[in-house]
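1. build me a structure from this.
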Amino acid sequence: MHGIDDTSYDINLLNKSRSTIPRLIHQMWKSENLNTYPINNSYFQWKKMYPDYKIRLWTDKDLENLLLTNDYKYLYSIYKSYIYSIQRADLGRLIILHAQGGIYADLDVFPCSEQVEKLRLSNVSLIIPRSTSGSSVINHFLIAQKSSPILNYILHEIVPLRFYKRIFLLPYLEVFSTGSFFLTRTLKKYIQLSNEKKEPLWILSDDNVNNYVHHYTGRSWHFVDGFILNQFQDKIEIRIIFSFLIFILFIIIWKYRTHFDLCKKFKGNSTK
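-> Sure, this is the predicted structure:
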């Protein structure tokens, strides 16, 4: 999956009359009261920097009403089955963009320039950023056409992942099954499709994303295990250290078991 290069834009696409992505910026929170958001939020910053855009704050109730429309009823039972609110938010942002198109930004994603308009004028089906490590995609900032065929493909790939419900020690594996991990796996499948008429997909590198927005990680739903999983996902050095520690642990266990077996064997021989 290749990142977007600023030099790759076709100047002919930068035409407001031809843009297929509306001037809409979507954000989500559980209610209209942003004072309950745990950190500083970006809602008014988007309004200030993009006065020509409509900024919409979606509440849990708004999202559920959208799911009850005919186009998305097939996802309603899956949405209601999710244990964590972040799972519903992960699904919700995809449905919102598919239904209306535009730009989605988490409340901890702040615009750092007016260049997001440049992305809107790109006329691609979906724009999504990579993680810092480059090994996966992330969903805190998304841009899509209304009724994007790529989003349609993703939405029809969503199924309940019951396996994760059995991993009680790592509950956020279930959370990630609806977010970054799921999107990475699904987009890889989409890219591998043989259909020559696949819609254009742009994947922004971490450096590219920083030209447009800055992400102040909120993730208020995380506990310690969620933080560890985020670090594991985003940083290759963490994965290397983790693998090394697992290897050392395996050696220690193996030596302990070997020593224990020898002691047991020696004790058995001495009692004869």
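2. can you point out the buried residues in stretch 244-260?
-> By neighbour count with 16 or more other Cβ atoms under 10 Å, stretch 244-260 contains no buried residues. Heads up, the C-betas are built off the backbone N, CA and C, glycines and all.
3. just say helix, strand or coil for residue 135.
-> coil (DSSP: H, G, I helix; E, B strand; the rest coil).
4. my bad, should have said residue 197
-> For residue 197, the assignment made with three-state DSSP gives coil.
5. what separation is there between the residue lying closest to residue 102 once chain neighbours are set aside and residue 159?
-> Among residues not flanking residue 102 along the chain, residue 24 sits closest, at 3.1 Å (Cβ to Cβ, 6 or more residues apart in numbering). Going from residue 24 to residue 159 by Cβ to Cβ, to the nearest Å gives 29 Å.
6. so the two - more neighbours on which side?
-> Using other Cβ atoms under 10 Å as the criterion, residue 24 and residue 159 rank with residue 24 on top: 18 against 9.
7. follow-up on the earlier one: how much space separates the residue nearest to residue 102 from residue 103?
-> 7 Å.
8. now for those two: what residues contact both?
-> Residues touching both residue 24 and residue 103 (Cβ atoms under 8 Å, 6 or more residues apart in numbering) are residue 53.
9. mind listing the strands for this structure?
-> For the chain, the strands defined by DSSP state E cover 24-28, 54-58, 102-105, 109-111, 126-129, 141-144, 201-204, 213-215.
10. in CSV, list these along with distance to residue 34.
-> As requested, the strands of the chain are exported to CSV (distance: least, Cβ to Cβ, whole Å):
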stretch, distance to residue 34
strand 24-28, 9
strand 54-58, 8
strand 102-105, 14
strand 109-111, 14
strand 126-129, 24
strand 141-144, 18
strand 201-204, 27
strand 213-215, 18
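11. how about the ones you listed in JSON lines, adding mean pLDDT and distance to residue 154?
-> Below are these laid out as JSON lines (pLDDT from 0 to 100; distance: least, Cβ to Cβ, whole Å):
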{"stretch": "strand 24-28", "mean pLDDT": "98", "distance to residue 154": "16"}
{"stretch": "strand 54-58", "mean pLDDT": "98", "distance to residue 154": "18"}
{"stretch": "strand 102-105", "mean pLDDT": "98", "distance to residue 154": "13"}
{"stretch": "strand 109-111", "mean pLDDT": "96", "distance to residue 154": "20"}
{"stretch": "strand 126-129", "mean pLDDT": "96", "distance to residue 154": "8"}
{"stretch": "strand 141-144", "mean pLDDT": "98", "distance to residue 154": "10"}
{"stretch": "strand 201-204", "mean pLDDT": "93", "distance to residue 154": "11"}
{"stretch": "strand 213-215", "mean pLDDT": "91", "distance to residue 154": "21"}
